[in-house]
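Chemist: what follows is a protein structure lacking sequence information:
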Ligand SMILES: CCCCCC/C=C/C(=O)SCCNC(=O)CCNC(=O)[C@H](O)C(C)(C)COP(=O)(O)OP(=O)(O)OC[C@H]1O[C@@H](n2cnc3c(N)ncnc32)[C@H](O)[C@@H]1OP(=O)(O)O
């Protein structure tokens, strides 16, 4: 496979040394001005995130006395700011700039008469979306690449979740076509990007943040039907699902250190919380691959089924669940998740900023180069 010349040049540039990517004070001021010009009202949750990031960027960790329970407005602001913990001022500033730029692009799109309408109409071959029996089924459908997720597939999934959150189905289910559930991020996403690697990393971080937020925000039950091996982001995302059903053929692998990368999809928070820090470190630092039963023992998987009866048993179960009263499920999910939301947004933002820098690191570039230049199989 040919590796793009741009990527090679960037690797060479990296070896010669390169300025660090940080939002400057000017970027920050531009973002502050841009907020006033936003055509679309971003809604309360986003406003609170903007408020919290602004306060963190300018004043550091929350220094406001905790408001009384009935002071709802200030309590919401305090919660949002406090959830950012000790996030460094620079990171908060960068996250603020990224968030504003993603809001600006999404508020401009409809006025260009393009994205809204076109995206709804587009058929995606690598992400299949079907609705039946009250279930939106979202399938990774790129079996020749072990269902690796391309940039376009991330966008397709964001759109599928957005549609499923307001349509008349009661739950969303992810699964994969072929022998794999998903092999994670397509490692050629960055080598085949047009433009410079720094621009690709910056766009990738914004896309990743929006992608993970669409899972954090999904209001209905979210289920994974893990039909085979799962790698990278397809594993870390499972911490944001409500149920994970796995075939006994499935494995769970997060080789981030081997790739010179760091965890995403809030797994730096959800995994230690779920399985304890020692077991989370085995997966996220040392890249230990778990069997389905090991993943069940760590609380990542709800139930393991024999491969021979997996599809029949799981789909029968899901069709029964989909007949439960939808409002009750939605309201219960909200109760279970709502105290975590601000924390998850903050963790997601920090993981994306960290990854953006990792993608430009020598360790990561070398790992990706070594994958894309593997000898073809005979
Ligand atoms: C918006 C950006 C967000 C980024 C978020 C950060 C996410 C991070 C991650 O997800 S890290 C994890 C990345 N994934 C991997 O490291 C897996 C890489 N793939 C492999 O190790 C192997 O391919 C395998 C173990 C999945 C399967 O091995 P095998 O059974 O031997 O099959 P092949 O290797 O021959 O694969 C067949 C075909 O698929 C291509 N392919 C598989 N996985 C990926 C991938 N992740 N990215 C790109 N391409 C992939 C592989 O190259 C083969 O293609 P070919 O037939 O050679 O054209």
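Modeler: Cool, got the structure. All values derive from a computational prediction rather than experimental measurement. Numbering: from 1, shown residues only.
Chemist: so who does the residue in the stretch 151-300 of the chain positioned nearest to the ligand touch?
Modeler: Of all residues in the stretch 151-300 of the chain, the one sitting closest to the ligand is residue 232 (2.1 Å; Cβ to the nearest ligand atom). The way it works is simple: take the backbone N, C-alpha and C, and place the C-beta from them, glycine included. Residue 232 sits next to 183-185, 253-256 when contact means Cβ atoms under 8 Å, 6 or more residues apart in numbering.
Chemist: one more time with 6 Å
Modeler: For residue 232, the contact set (Cβ atoms under 6 Å, 6 or more residues apart in numbering) comprises 184-185.
Chemist: if I look at it, how far off is residue 252?
Modeler: 10 Å (Cβ to Cβ, to the nearest Å).
Chemist: can you read off the pLDDT for the closest residue to the ligand within the stretch 1-150 of the chain?
Modeler: Nearest to the ligand in the stretch 1-150 of the chain, going by Cβ to the nearest ligand atom, is residue 148, at a distance of 3.4 Å. Note on residue 148: pLDDT of 98.
Chemist: use 38 as the first number from now on
Modeler: All set: I'll call the first residue 38, so the last point we hit is now residue 185.
Chemist: residues in the stretch 288-415 of the chain within reach of the ligand, list them.
Modeler: Contact residues (Cβ under 6 Å from any ligand atom) of the stretch 288-415 of the chain with the ligand: 292, 296, 298, 301, 413-414.
Chemist: what strand or helix carries the most centrally placed residue in the chain?
Modeler: Per Cα atoms, centre = their mean, the C-alpha nearest to the average position across the chain is that of residue 249, at 2.5 Å. Element membership of residue 249, judged by DSSP states H and E, is helix 234-253.
Chemist: mean confidence for the helix or strand following that helix?
Modeler: Per DSSP H and E, the first helix or strand lying C-terminal to helix 234-253 is strand 259-263. The pLDDT scores in strand 259-263 average 99.
Chemist: quick one: strand 259-263 to helix 234-253, angle?
Modeler: Interaxial angle, strand 259-263 versus helix 234-253 (axes from the mean of the first three to the mean of the last three Cα atoms, to 10 degrees): 110 degrees.
Chemist: so which elements touch strand 259-263?
Modeler: strand 208-213, strand 280-284 (3 or more Cβ pairs under 6 Å, 6 or more residues apart in numbering; DSSP states H and E).
Chemist: so which of those strands gets nearest residue 174?
Modeler: Taking Cβ to Cβ, strand 208-213 is the member of these nearest to residue 174, at 5.2 Å.
Chemist: ok, residues contacting that closest one?
Modeler: Applying Cβ under 6 Å, 6+ apart, the set of residues contacting strand 208-213 is 172-177, 184, 201, 219, 257-262, 264, 359.
Chemist: okay, buried residues for the helix holding residue 249 please.
Modeler: Applying a neighbour-count criterion of 16 or more other Cβ atoms under 10 Å, one finds 234-235, 237-239, 241-253 buried in helix 234-253.
Chemist: and if you look at stretch 213-220?
Modeler: Neighbour-count burial for stretch 213-220, counted by 16+ other Cβ under 10 Å, picks out 213-214, 217-220.
Chemist: and that stretch, anywhere near the ligand?
Modeler: Yes - using Cβ under 6 Å from any ligand atom, stretch 213-220 reaches the ligand at residue 220.
Chemist: now the end-to-end length of that stretch.
Modeler: 10 Å (Cα to Cα, to the nearest Å).
Chemist: in contact with the residue nearest to the centre of the chain, which residues?
Modeler: So residue 249 contacts 302, 385 (Cβ under 6 Å, 6+ apart).
Chemist: state the pLDDT value of it.
Modeler: Looking at residue 249, its pLDDT is 98.
Chemist: grab the nearest non-local neighbour of residue 403.
Modeler: residue 297 (6.9 Å; Cβ to Cβ, 6 or more residues apart in numbering).
Chemist: my bad, residue 104
Modeler: Nearest to residue 104 is residue 111, by Cβ to Cβ, 6+ apart, at 3.9 Å.
Chemist: ditto for residue 252
Modeler: In space, and not counting its chain neighbours, residue 252 is closest to residue 277: 4.4 Å by Cβ to Cβ, 6+ apart.
Chemist: check residue 105 too.
Modeler: Residue 105 sits nearest to residue 112 (Cβ to Cβ, 6+ apart), 7.5 Å away.
Chemist: ok, that neighbour - how many residues close by?
Modeler: 14 (other Cβ atoms under 10 Å).
Chemist: what number of residues are in the vicinity of residue 315?
Modeler: So residue 315, with other Cβ under 10 Å, has 8 neighbours.
Chemist: A strand includes it, no?
Modeler: No - assigned with DSSP: H, G, I helix; E, B strand; the rest coil, residue 315 falls outside any strand and is helix.
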